[in-house]
Structure formats: C-alpha cells, structure tokens
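> Sharing a sequence plus its predicted fold:
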Amino acid sequence: MDVALARLLTSAQGLALLDALPPYSPTDAERIGRELRAGGIAGDLVAAVLTQSRLRAAASAKFGDFAAGMLLTQDGLEQATRLPVAALHAQRFRGAGITTVADLTCGIGADAMAAAALGLDVTAIEIDEPTAVFADHNLRHWDHARVVHADALDVAAHLEVEGVFADPARRTARGRRHDPRDYSPALDAVLDLFPRVGALGVKVGPAIPHEAIPEGAEAEWVSVDGSVVEAGIWLGSVATTPGHGALVIDGQGAHRLTGSTHRADAGELSDYLYEPDGAVIRAGLIGELATTMGAHLVDPSIAYLTTDTPVATPFARGYRIAEALPFKVKPLAAALRARGIGTVDIKKRGVDVTPEQLRPQLKLKGSERATVILTRIGDRRVALLADPL
C-alpha cells in the first residue's frame with residue numbers, strides 16, 4: 001500500500017466508508033465491492049476498506065473491542081503483540097518508575113498503545129511510512145504518544161527517554177526468520193542500545209536460541225491459552241528475575257514460573273501424565289516444574305512428566321492414565337472399541353505418527369470420547385489411553 005492511500009484511509013471519507021461497512025463476511029465481500037464501485041467509489045479505496053474490514057475481524061482475537069477502530073496491515077497484525085501481553089510489557093516499565101519510553105519498531109502500534117494507556121509518554125518509531133500512518137491513527141486517543149517515521153537505529157541515539165522497547169521484524173520476502181541476526185534490525189544491534197538507557201525490552205521469536213540471550217538478562221517465554229506466542233529479553237530495571245522464565249496466560253490469569261534450567265530425572269510411568277506448557281518447554285524449565293510438582297520424566301528425551309497423584313498446576317495439562325499398551329494399530333483399535341470409544345483426541349511426542357492418518361485406521365465406533373497419547377519410553381513405543389483432568 002502506498003502512503004497516499006494510507007492517508008486516504010485515515011481521512012474522514014475513508015473512515016466513514018470503512019465504519020459504514022457491515023460485519024465482515026467473505027461471502028459478501030465481493031458483492032459489497034461491486035456495489036461500492038458502482039456507486040462511484042474508486043477501486044483502490046474499495047479494495048483498501050474491504051481489506052481493513054477483513055483485518056479488523058481477524059484482529060479482534062488480539063485487540064478485542066479496540067480492533068473495531070484500528071487500521072492494520074497484514075504483516076503488522078501477524079507480528080503485533082496481543083493487548084493483554086502488551087499491557088504486561090508496559091507494566092514492567094511503569095513498575096520500574098519509568099515515565100518516558102521509546103517503541104523503536106512500533107508497527108501498527110500495539111505495544112505503544114498499551115504503554116500510553118498506562119500513562120507513559122511514548123515515542124513510537126516506524127520505518128515503513130504507510131504503517132507509521134496507521135500507527136498514528138491507532139494512537140490518536142493519547143496526547144502523550146507520538147509516531148515518528150524513521151529508521152529506529154538512526155534516531156535511537158538522540159532520543160531522551162528512560163526506557164526502550166523493540167519488536168524487530170522477523171519476516172522477510174523469504175518468510176519467517178528464526179536467526180536473531182536476520183531480524184530487522186538485528187538483535188545484537190538492538191541489544192547494543194542498552195548502555196544508553198537503564199531499561200531495555202526486546203520482543204523476540206519463541207524459537208530464539210538460548211545462547212543468543214545476553215548474560216544477566218531476563219528471558220521470558222509467553223503462552224496464551226496454550227499457544228506460545230513470543231519471548232522477551234529484559235535488561236536493566238525492567239528485568240525482575242534474571243534468568244529464564246515462563247509466563248502462562250489463561251482464563252484464570254497470568255502465572256509465572258522461574259528457576260533453574262536443570263534437567264529433570266526420569267523414571268517409571270505412573271498413574272498421571274502431564275504435558276508441560278510450551279512456554280515451560282521453550283524456557284528449559286521442565287526440571288523446575290518437575291521439582292515443584294514432585295514429578296519425573298517418563299523418558300529423558302520426552303517432555304512428559306508423571307506423578308502418582310494428581311497435581312493442580314497452570315504450567316501443565318494433566319491426564320489420568322486408564323491403560324498403557326504397546327503402540328500397534330490393531331491392539332489399540334481393539335482397546336478403544338472395548339471401551340465404546342468412537343472419538344479420540346490424539347497427542348504425540350517422540351513417535352513418527354500422523355494423527356490424521358492413524359485416526360481412520362482405528363475404525364472406531366461408539367459414543368464415548370478419550371485421549372490417546374502416543375510416545376516413547378526408552379526403546380518402546382507406547383499408547384496411553386487417558387482422560388483429561
């Protein structure tokens with residue numbers, strides 16, 4: 001999108017046209033487009049408002065009610081921080097007594113919005129001009145937030161702020177980039193800013209290698225409703241607990257696990273099996289979780305924990321093991337049929353199985369539902385019939 005069209009979308013005409021559209025429906029979009037063009041609306045503006053309508057519908061999962069008034073880009077939406085997570089980013093700065101912060105790679109402005117909403121004075125910087133125009137619109141509610149169209153690293157040295165946040169782009173024309181050297185700007189270039197400010201936060205991909213995390217930093221992996229969405233590197237006064245941490249956000253709130261990255265012991269399979277949250281696994285905190293739960297691994301190389309008694313924890317999903325048998329299709333199918341199970345949820349770790357291919361081979365009939373966990377214990381492939389706790 002060129003900047004002229006972006007500015008047209010932020011005009012009274014563009015916003016009125018966008019706000020007049022009905023809730024987005026893929027089946028209605030083509031018809032609405034024809035009607036708008038027949039009414040004399042330029043084709044590029046029609047395409048732009050329909051794209052915004054589609055993106056706003058998709059954005060509600062990240063931004064809730066705010067999505068209805070935002071302007072978005074596809075890349076910006078995909079990389080944008082969910083507002084509840086962005087609020088936690090902002091709370092780190094406010095909790096450290098910081099009042100002025102720069103968002104060096106603001107994108108469509110999600111983190112800048114959260115910081116401004118908590119009363120921080122925000123300078124948001126974006127190198128792509130149409131995206132900067134959209135970010136300026138999204139920050140329109142806060143007089144103490146401003147957007148600068150510039151290269152973040154060119155202006156970072158001249159900013160008079162107490163804290164810096166950055167979310168380097170992790171997508172190129174070749175797709176998603178996992179190597180921190182391929183971020184834009186590169187992770188090391190962002191980390192080099194730390195001596196100039198007393199507080200630095202950098203959002204990174206959850207697949208970041210542990211060796212890329214600087215010594216003395218706090219690295220936190222974040223999951224929302226069971227999906228790992230990001231990791232963050234925090235330095236200076238916004239680092240609350242140096243080392244590795246996992247932040248698990250669910251319907252009950254936000255839960256943090258920190259501690260040692262020691263390896264967990266392995267032992268015999270017991271009555272209950274636990275699948276650690278992905279943030280715990282990424283952070284290398286399985287051993288810490290095992291210690292807090294009184295659990296051990298079922299295999300040294302497989303991220304499943306087991307206990308004799310049920311344990312309530314937000315950091316793992318638990319199952320009661322009803323039966324364990326060697327993993328072969330025919331015996332597994334027979335065991336499921338004997339229990340009247342017609343629907344199975346298949347989970348796997350450490351075995352080369354495609355659930356979509358296995359499910360029809362089981363030829364199930366019945367009204368009951370169960371979870372089948374396929375894994376490896378030593379050199380044995382096992383199938384566990386389980387009930388979620």
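Thanks, I have it.
> rest of the way, CA atoms for contacts and neighbours
Fine.
> how about low-confidence regions in the chain?
Residue ranges of the chain with pLDDT under 70: 171-178.
> buried set for stretch 264-278?
Buried residues in stretch 264-278, counting neighbours by 16 or more other C-alpha atoms under 10 Å, are found at 264, 266-267, 269-278.
> and that stretch, how far apart are its ends?
Distance across stretch 264-278, first residue to last, is 16 Å (C-alpha to C-alpha, to the nearest Å).
> do stretch 331-351 as well
Using C-alpha to C-alpha, first and last residues of stretch 331-351 are 17 Å apart.
> Please enumerate residues in contact with that stretch?
302-303, 325, 355, 359, 362-376, 381, 383 (C-alpha atoms under 8 Å, 6 or more residues apart in numbering).
> how far out from the middle of the chain is that stretch?
Mean C-alpha position of stretch 331-351 versus that of the full chain (C-alpha atoms, centre = their mean, to the nearest Å) differs by 31 Å.
> Go through it and flag the buried ones.
With burial defined by 16+ other C-alpha under 10 Å, the residues of stretch 331-351 counted as buried are Leu332, Ala333, Leu336, Arg337, Gly340, Ile341, Gly342, Thr343, Val344, Ile346, Lys347.
> Next: stretch 208-215.
For stretch 208-215, by 16+ other C-alpha under 10 Å, it's Ile208, Ile213.
> Can you point out the buried residues in stretch 234-251?
Neighbour count says stretch 234-251 has 234-239, 242-249 buried, by 16+ other C-alpha under 10 Å.
> nope, stretch 220-227 is what I was after
Here stretch 220-227 shows Glu220, Trp221, Val222, Ser223, Val224, Gly226 as buried, counting by 16+ other C-alpha under 10 Å.
> With secondary structure as extra columns, can I get the residues you listed in a markdown table?
Listed next are those as a markdown table, based on DSSP: H, G, I helix; E, B strand; the rest coil:
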| residue | secondary structure |
| --- | --- |
| Glu220 | strand |
| Trp221 | strand |
| Val222 | strand |
| Ser223 | strand |
| Val224 | strand |
| Gly226 | coil |
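> which one of these sits closest to Ala57?
Val224 (19.4 Å; C-alpha to C-alpha).
> distance of the closest residue to the closest one other than its chain neighbours from Gly278?
Leaving aside its chain neighbours, Val224 sits nearest to Ile249 (4.8 Å; criterion: C-alpha to C-alpha, 6 or more residues apart in numbering). To Gly278, Ile249 is 12 Å away according to C-alpha to C-alpha.
> what residues are shared contacts of those two?
Ser223.
> farthest-separated two in the buried residues of stretch 331-351?
Maximum pairwise distance among these (C-alpha to C-alpha): 19.5 Å, between Gly340 and Lys347.
> hmm, back to that, any idea which of the buried residues of stretch 331-351 is closest to Ala90?
Out of those, the member with the shortest distance to Ala90 (by C-alpha to C-alpha) is Lys347, at 36.1 Å.
> Okay, now the sheet partners of the helix or strand containing the closest one, with direction.
Using DSSP states H and E, Lys347 maps to strand 341-348. The strands beside strand 341-348 in its sheet (DSSP bridges) come out as strand 368-377 (parallel).
> following the partner strand, which helix or strand comes up?
Assigned by DSSP H and E, the successor of strand 368-377 is strand 380-388.
> Okay, buried residues for that next one please.
Val382, Ala383, Leu384, Leu385, Ala386, Asp387.
> Kindly report the same for stretch 52-71.
Residues of stretch 52-71 classed as buried: 52-59, 62-63, 67-68, 70-71 (neighbour count, 16+ other C-alpha under 10 Å).
> List the ones among these that fall in helices.
Judged by DSSP state H, helices contain the following of the buried residues of stretch 52-71: Gln52, Ser53, Arg54, Leu55, Arg56, Ala57, Ala58, Ala59, Lys62, Phe63.
> any idea how far the fourth one lies from Tyr24?
To tie it back to what came earlier, the one meant is Leu55. Separation of Leu55 from Tyr24 (C-alpha to C-alpha) stands at 9 Å.
> all strands of the stretch 51-200 of the chain, in order?
Under the criterion DSSP state E, counting those that start in this stretch, the stretch 51-200 of the chain carries strands at the ranges 100-103, 121-126, 145-149, 163-166, 171-172, 175-176, 199-204.
> closest to Ala295 out of those strands?
Closest to Ala295 of these, according to C-alpha to C-alpha: strand 199-204, at 30.6 Å.
> That closest one pairs with which strands?
According to DSSP bridges, strand 199-204 forms sheet pairs with strand 163-166 (parallel), strand 227-236 (antiparallel).
> got the phi/psi numbers for His210?
phi -60, psi -30 (degrees, to the nearest 10).
> Might you report the residue contacts of the residue most central in space within the chain?
In the chain, the centroid-proximal residue (C-alpha atoms, centre = their mean) is Val229; its distance is 1.4 Å. If you count contacts by C-alpha under 8 Å, 6+ apart, Val229 has them with Gly205, Pro206, Val222, Ser223.
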